[in-house]
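[1] 3D, please:
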Amino acid sequence: MDELRALLDETAGIAAAFYETLEKRPVYPRASVDELRAGLGGVLPETPTDARTVISELAAAADPGLVAEPSGRYFGFVIGGTLPAALAADWLTTTWDQNAGIYVLGPAASVVEEVAGAWLIELLGLPARASFGFVTGAQIAHFTALAAARHHVLKNAGWDVERDGLTGAPRVRVVVGEKRHGTVDRALRMLGLGAPTDVIPADANGRMRAEHLSLTDEPTIVCAQAGEVNTGAFDPFPAIADARDRAPNAWVHVDGAFGLWASAVPSLRHLTEGAERADSWAVDAHKWLNVPYDNGIAFTAHPDSHSAAFAARASYLVFDAETRDELDWNPEHSRRARAFTVYAAIRALGRSGIEEIVERCCAHARRFADGLAELGAEVLNDIDLNQVLFRFPDDEQTGRVLRAVQEEGSSWMGGTTWDGRPAIRISVSNWQTSEADVERTLAVYAGQLAAR
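    Numbers count the residues shown, from 1 in each chain. Next comes the predicted model:
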């Protein structure tokens, strides 16, 4: 045990040292792929190596290739950092090594998931009896929710997809918005539903134009969106839910990976009005809740359809009708007890702390938009949330300035394409992002523009 404690103490020191470097290290790493391969590669080891040596050498070799994603100046994609309580809970999750598959494998893991799931339902304003499953992220949350949807609409059409598969099944019509996230299409492919052919056009901000939504009596899944990944736009949920209500066999799924967190904030809740009327929702906790990867949650308003899509039984498994068996609600069997970090984050922040992070990030996004406009950028979206989409007067300048800012290193954000032209997108999702981080990044843009 002395050797284990020494190893863990040394590892904690390495972790703390990494956080201490976030202010000064380039947000995106400088090392080339060849340098990383040289440092981390080598022949297959034939003999054991002392654990402390393995960890110290791993840390040293990996460090030049680490992205400073926990930094308050990482604005790429929609990525949060890690709250201290969530980081510590993640260490304990690994230490405890509980198999969060069924209750008997980890009673505490099962109950924590039960509690954290109920807290999330309340925070996000979802139906009180909603079911939930903790998964790796929004990709598998979509898969989980849409598997429940597939079961539901096919069962209503007289088909048992879990027993009979999709061969010969009634066609499931899938309706999506033009600006949906690619993980929705990927989930549909994995479920055997194929690429969506019913695509509803979007407005200039990326919102589904629900006036083009027309549903029939065939089994139908409509995929709506809370938070378009470039603009942060929200689809018109009341109109979409109204269309579903007029259809005899339709299900509405909401991609709320980051945008559904607006429901937890009184000043932003109007953006998600009507989303609670949907049939399922996908959310990431490793975005605005700022827990470590990987952590997503699938929710449904139809627990029977949710569990029917995933529940599994075997003679060697031990079940108790009074407890929660996690494998009934997600595609995995054995899995990490990832709800510990969600529990810790919610307890550490409370409702008010979560509201404060989301509101602060949105305020930073508005400041970015104002500052970039002052520098001559064209801001392309309404700043409803935490996303800022912009470009400069010509496409060559947009690409050149983005590369220069990325290479300067004190912040990082990515490029995208919007309406056929290059653009830059800033996402503010990190609990550590400060006004100073925003102003420092704007100053870098100003400097790069002045230098040309």
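[2] now the strands for the stretch 301-450 of the chain?
    Secondary structure of the stretch 301-450 of the chain (DSSP state E, counting those that start in this stretch): strands located at 378-379, 387-391, 414-418, 421-427.
[3] correct me, but residue 224 touches residue 208?
    Yes: if you go by CB atoms under 8 Å, residue 224 and residue 208 touch, sitting 6.4 Å apart. (C-beta placed from N, C-alpha, C; glycine too.)
[4] Overlap in contacts, those two.
    Between them, residue 224 and residue 208 share the neighbouring residues 177, 235, 240, with contact defined by CB atoms under 8 Å, 6 or more residues apart in numbering.
[5] Residue 59 contacts residue 14, correct?
    Yes: with contact defined as CB under 8 Å, residue 59 and residue 14 form a contacting pair (4.8 Å).
[6] quick one, which of the two is more surrounded?
    The residue with more neighbours, out of residue 59 and residue 14, is residue 59; 17 against 14, by other CB atoms under 10 Å.
[7] any idea how far that one is from residue 142?
    Residue 59 sits at a distance of 35 Å from residue 142 (criterion: CB to CB, to the nearest Å).
[8] and if you look at residue 159?
    The value you get for residue 159 to residue 142, if CB to CB is used, is 22 Å.
[9] Geometric centre of the chain: which residue is closest?
    residue 284 (3.5 Å; CA atoms, centre = their mean).
[10] just to revisit the earlier point, can you tell me which of the shared contacts of residue 224 and residue 208 are in strands?
    With strands defined by DSSP state E, the entries of the shared contacts of residue 224 and residue 208 inside them are residue 177.
[11] Looking at residue 159 and residue 142, which is more packed in?
    Comparing residue 159 with residue 142 by neighbour count (other CB under 10 Å), the higher total belongs to residue 142, at 29 against 19.
[12] who touches that one in this structure?
    Applying CB under 8 Å, 6+ apart, we find residue 142 in contact with 183, 184, 186, 187, 253, 255, 282, 298.
[13] Kindly recompute the last result at 10 Å.
    Under the criterion of CB atoms under 10 Å, 6 or more residues apart in numbering, the contact partners of residue 142 comprise 135, 181, 183-188, 190-191, 223, 253, 255, 257, 280-282, 296, 298.
[14] what's the answer for residue 121, then?
    127, 128, 129, 130, 131, 132, 281, 297, 299.
[15] Put the buried members of the contacts of residue 142 into a PyMOL selection.
    Buried members of these, identified by 16 or more other CB atoms under 10 Å, are gathered into one PyMOL selection as follows:
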select buried, resi 135+181+183+184+185+187+188+191+223+253+255+257+280+281+282+296+298
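[16] which sections of the stretch 351-452 of the chain are below the confidence cut-off?
    Low-confidence segments of the stretch 351-452 of the chain (pLDDT under 70): 452.
[17] element containing the residue sitting furthest away from the middle of the chain, please.
    Outermost residue of the chain with respect to the C-alpha centroid, by CA atoms, centre = their mean, is residue 47; its distance is 40.1 Å. Here residue 47 is covered by no helix or strand, with elements defined by DSSP states H and E.
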